[in-house]
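1. I'd like to go over a predicted model; first the sequence, then the structure.
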Amino acid sequence: MVDITHKYNTLREATAQAVVRTSSQKTIDAIQNDAVPKGNVFEMAKTAGLLGVKKTPELLPDCHPLPIEYAGIEYEIEGLEIVIHMTVKTIYKTGVEVEAMHGASVVALTIYDMLKPIDKGVEIRNIKLLKKSGGKSSIIFSGKGLTAKVVVCSDSVSKGEKEDRSGKLIVEKMESLDISATRTVIPDEAAEIEEQLKESDSDLLIYTGGTGVGPRDVTPDTLRPLLDTTLHGVEEQMRRYGQERTPYAMLSRSVAGIKGGKVVLALPGSSKGAVECLDAIFPALLHIFEILKGARHD
């Protein structure tokens, strides 16, 4: 089973289709007149389909158990065919396309089972995914053309007493988003932190380190008064995401804001904390560069 613990919840929706083809108009008439000996075909198949959606992770080994928050079934009769549409929704870390296809399959099998005493020519066709939305695949923002400067704020790293890990990981993350990134190291000094902010012409300026509550943690206190705008929602998202993994995240004073048209972030100095903050806000944060140019949220 794939590890999805790094993902965050989004609205996920999928619609799947299955087609049951009968061999006679008499079969269609029997369904519409509720004259099938085994009972009401559509109601029985609907019940089975809803159960099928819920049972998906019990039958398919790699499917994650997830909360099903909506499942709907629609039927259309087109000539001798019954077209089944199964829609499933959830707010979770992974999609529901398999649940939708499994549910549509169970509906089709139930219809087949109920009709076989009166129609030996029933066939199931075209079980397929029609559409899906939500998750990272729905957030298509490229960082191509953007630049980032990563500033490592650390007394020990600047003195060569400790190796920088978080800064290098941040650069790797930026490059994975097609953002050209550079890295520099400074001590935890307010004057040097401010100088980096004034001198940088990068689209993204990402500090790592100095966001805790220790006596040398001065990064947030230095940056906040200098920002044009504070991105409170971005800060909340980083803290919420981190706190789902460790209660120590409540002690982080991560910063997100805008200064002179560039996006400024201050992340924890721990490599794990920095990476988790980036996982929490990228790639969705890249949308801000379109908004800064005047684009609409939709």
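-> All right, it came through fine.
2. name all residues that make contact with Ser270.
-> Ser166 (CB atoms under 8 Å, 6 or more residues apart in numbering). Every residue, glycine included, has its C-beta placed from N, CA and C.
3. relative to Glu192, how far out is it?
-> Separation of Ser270 from Glu192 (CB to CB, to the nearest Å): 21 Å.
4. list the contacts of the residue nearest in space to the middle of the chain.
-> Nearest to the mean C-alpha position of the chain, counting by CA atoms, centre = their mean, stands Gly135 at 3.2 Å. With contacts defined as CB under 8 Å, 6+ apart, the neighbours of Gly135 are 7, 10, 12, 94-95.
5. same question for Thr182.
-> Thr182 neighbours (CB under 8 Å, 6+ apart): 147-150, 171, 202.
6. tell me the most packed of those, by neighbour count.
-> Val150 (27 neighbours; other CB atoms under 10 Å).
7. assign that one to helix, strand or coil.
-> Of the three states, Val150 takes strand according to DSSP: H, G, I helix; E, B strand; the rest coil.
8. what bridges to it?
-> Counting by DSSP bridges, Val150 is bridged to Arg183, Ile206.
9. could you do Lys128 as well?
-> Gln17.
10. and it, what pLDDT?
-> Listed pLDDT for Lys128 reads 97.
11. ok, it touching Val19?
-> No. The criterion here is CB atoms under 8 Å, and Lys128 misses it with Val19 at 9.4 Å.
12. so which of the two has more stuff around it?
-> The neighbour count for Lys128 versus Val19, taken as other CB under 10 Å, is higher for Val19 (18 against 11).
13. just say helix, strand or coil for the more buried one.
-> strand.
14. show me the contacts for it.
-> 81-84, 108, 124-127.
15. quick one, what contacts His64?
-> 1, 4, 57, 93-94.
16. could you provide the contacts of Gly135 in TSV, with additional columns for neighbour count?
-> As requested, the contacts of Gly135 are arranged in TSV below (neighbours: other CB atoms under 10 Å):
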residue	neighbour count
Lys7	14
Thr10	18
Arg12	23
Thr94	18
Gly95	23
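17. what's the closest of those residues to Gly242?
-> Of all the contacts of Gly135, the one with the least separation from Gly242 (CB to CB) is Lys7, at 14.3 Å.
18. hmm, that closest one is touching Leu66, no?
-> No. Using CB under 8 Å, Lys7 is not in contact with Leu66; the gap is 11.6 Å.
19. name the residues contacting each of those two.
-> What both Lys7 and Leu66 touch, as defined by CB under 8 Å, 6+ apart, is the set 93-94.
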